[in-house]
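>>> A predicted structure for the sequence below; I have some questions about it.
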Amino acid sequence: FTTVQKNINDFDFVSVSPAANGTFASGTQIVNYYYKRKDAANVTVKYVEQGTGTPLASDDVLGGTGKHGLPYTTTKKNITDYELVAQPSNKNGTFSSTPQTVIYEYRRKPAGDVTSVYVDEGGNQIDIPETQSGTGKLGLPYTTQSREADIQNFELTTPAPTNATGTSQTGVQEVTYYYK
C-alpha cells in the first residue's frame with residue numbers, strides 16, 4: 001500500500017508513523033500523519049491619543065507562535081481622563097504570516113471651564129471674567145492670574161486664591177480674585 005501526505009492550510013507536516021508505504025496485512029492498518037500548526041506573526045495592540053499618536057498605555061502583543069489561521073480578539077483599555085474615539089476595524093481578526101497592528105485611538109475627555117472672576121470687597125464685578133475652555137482638558141493642569149496691572153484704582157487684597165492653579169475636572173470651576 002501507499003499513502004499520501006496531504007497539504008493542510010495553516011499546518012506544517014511533522015512526521016508519519018509507522019510508514020507511508022507498506023505491505024497489506026490482515027486486520028486494520030493505521031498510518032498516522034502528524035502536523036503542527038504554523039507560526040504566525042505577532043499582533044501588536046497600541047493605545048494612543050488621537051491626532052498626536054502619543055502612547056497612553058503600554059502596547060499589548062498577542063504572540064503568534066502556533067496560531068497561524070486562528071482568530072484573535074483585542075479589547076480597549078480604560079484610560080483615566082480619556083475616551084475611546086472609535087473601535088478599530090481590525091480589533092478582531094485572524095493570525096497570519098504578516099505582522100498586524102491594531103490601534104485604539106482616544107481623546108481627552110472634556111472638563112468644566114475654569115473662570116477667573118475679579119470682584120471688589122463687596123462682591124461687585126470690577127473686570128470682565130476670563131474663561132478657559134475645558135474642552136479636551138480633563139486631568140490637565142490650569143493656571144489663572146490676577147489682573148493687578150490691568151485693573152485701575154484697585155489692588156489685590158489677599159494672596160492668590162488657593163485654586164488659582166489646579167487640575168481641570170468635571171464641572172465648572174470658579175477662581176475669585178478680591179480687590180480693594
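Yep, that arrived.
>>> would you mind finding the longest strand in the chain?
strand 100-108 (DSSP state E).
>>> measure residue 108 to residue 16 for me?
In this view, residue 108 and residue 16 are 59 Å apart by CB to CB, to the nearest Å. For the C-beta atoms, the positions are set from N, CA and C on the backbone; glycine is no exception.
>>> got it, and residue 104?
Distance, residue 104 to residue 16, by CB to CB: 45 Å.
>>> more neighbours: those two, which one.
More crowded of residue 104 and residue 16, by other CB atoms under 10 Å: residue 104, with 23 against 14.
>>> who's in contact with stretch 34-45?
Here stretch 34-45 makes contact (CB atoms under 8 Å, 6 or more residues apart in numbering) with 8, 10-17, 59-70, 72, 74, 93, 95-104.
>>> ignore what I typed, I meant stretch 77-91.
So stretch 77-91 is contacted by 47, 49-50, 56-57, 73-76, 100, 102-109, 138-139 (CB under 8 Å, 6+ apart).
>>> now do the contacts for the residue nearest the centre of the chain.
The centroid of the chain falls nearest to residue 47 when counting by CA atoms, centre = their mean (2.7 Å). Contacts for residue 47 (CB under 8 Å, 6+ apart) come out as 55, 56, 57, 59, 76, 77, 79, 104, 106.
>>> helix/strand/coil for it?
Here residue 47 is recorded as strand under DSSP: H, G, I helix; E, B strand; the rest coil.
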